[in-house]
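1. Kindly return the folded structure for what I paste below:
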Amino acid sequence: MSTHLADTVAVITGGGSGIGRATAHALAARGARIVVTDIDLQRAETVAGELGDQAVAAAADVTDIADLEQVRDLALARFGHIDVVMNNVGVLAVGTVEDIPLEAWQRVIDLNLLSVVRSNLVFLPTLLEQGSGHIVNTASTAGLLPYGFDRLPYTATKHALVGLSESLALYLRPRGIRVSCLCPAGVATNISEQITFYGEPTTPIGPKLPIVAAEEVGESVAEAIGTDRFLILTAPEVIDELRERAADLDGYLARIAADYQK
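-> Okay, the predicted model is just below:
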């Protein structure tokens, strides 16, 4: 196993379960020290306890910039530096477009997108000052493909996050900081706890992509950081979808629409 991450310090939001927890374990196994944050302090403490002395837990609401500042200060006080920041919080509002209210849009945008903006404001000055670091933003295949009309606020924020990550990567690379964008498909996590439903049940469409274990995703994230890879996928089949979409977007959308009408 690579020791590239030995003695690095990683801050993970939403680290108390699922992909965040799995990534914490994968990075810790490579010698990193971890600041596990979660809005549920007990979950964060449980994960930190699993990792032992190389981890510390903190409660953090990513809609509150002061909470992120406290996490930054804790990481610096406990470990002396910050090398990896993983923005990993996400929620969904599911329903037909006309049934999802404005306040649901606002909540999803605040948590899924503006949380990353806050994180950049808090952590980037430290990374820029030291001239090194790595940012991982958890987006989704819903941010690469147009299938998610039944969860449109989520889809919109994840598309925005992919674009943000791409542009951020171009800005930060000359400054010694790398960026990765995680776009998982189906992952066995507790994200169902973060779904709010509106209106009548919808029938989602999309390619049949495999559901993978969170531990597999955590390993992929750790490997991507170690090898400086931007796009992290959990389903290689997405590449074929992206090729088809890029080659003929009109035809691609027409095919999906036809599949939906069947």
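2. And the helix or strand containing residue 257, what's buried?
-> Element membership for residue 257 (DSSP states H and E) is helix 249-261. Neighbour counts using 16 or more other CB atoms under 10 Å place 252, 256 of helix 249-261 among the buried residues. For glycine as for every other residue, the C-beta is placed from the backbone atoms N, C-alpha and C.
3. what residues does it touch?
-> 146, 147, 205, 244, 245 (CB atoms under 8 Å, 6 or more residues apart in numbering).
4. Same question for stretch 100-114.
-> Counting by CB under 8 Å, 6+ apart, 62-63, 89-93, 152-154, 156-158, 160-161, 164, 196, 198-199 sit against stretch 100-114.
5. after the lowest-mean-pLDDT helix or strand in the chain comes which helix or strand?
-> Counting by mean pLDDT, DSSP states H and E, the chain has its least confident helix or strand at strand 186-188, which shows a mean of 71. Helices and strands here follow DSSP H and E; after strand 186-188, the next one along the chain is strand 195-197.
6. for that next one, packing partners?
-> Judged by 3 or more CB pairs under 8 Å, 6 or more residues apart in numbering; DSSP states H and E, strand 195-197 is in contact with strand 92-94.
7. Can you name every helix or strand that the strand it packs on contacts?
-> Using 3+ CB pairs under 8 Å, 6+ apart: strand 92-94 touches helix 102-108, helix 152-172, strand 195-197.
8. Comparing these, which comes out most buried?
-> Burial of those is given as mean neighbour count (mean count of other CB atoms under 10 Å); helix 152-172 ranks first at a mean of 19.
9. where does this protein dip in pLDDT?
-> 1-3, 188-194, 203-206, 262 (pLDDT under 70).
10. quick one, strands of it?
-> 9-12, 33-38, 55-59, 84-87, 92-94, 133-138, 177-183, 186-188, 195-197, 211-213, 231-233 (DSSP state E).
11. From residue 62, how far out is the residue nearest the centre of the chain?
-> Residue closest to the mean C-alpha point of the chain, counted by CA atoms, centre = their mean, is residue 138 at 1.4 Å. Plainly put, residue 138 is 12 Å away from residue 62 if you go by CB to CB, to the nearest Å.
12. what touches both of the two?
-> In contact with both residue 138 and residue 62: 14, 87, 89, using CB under 8 Å, 6+ apart.
13. need the contact list for the first one.
-> It refers to residue 14. 20, 37, 38, 62, 88, 89, 90, 138.
14. repeat that for 7 Å
-> 20, 38, 88, 89 (CB atoms under 7 Å, 6 or more residues apart in numbering).
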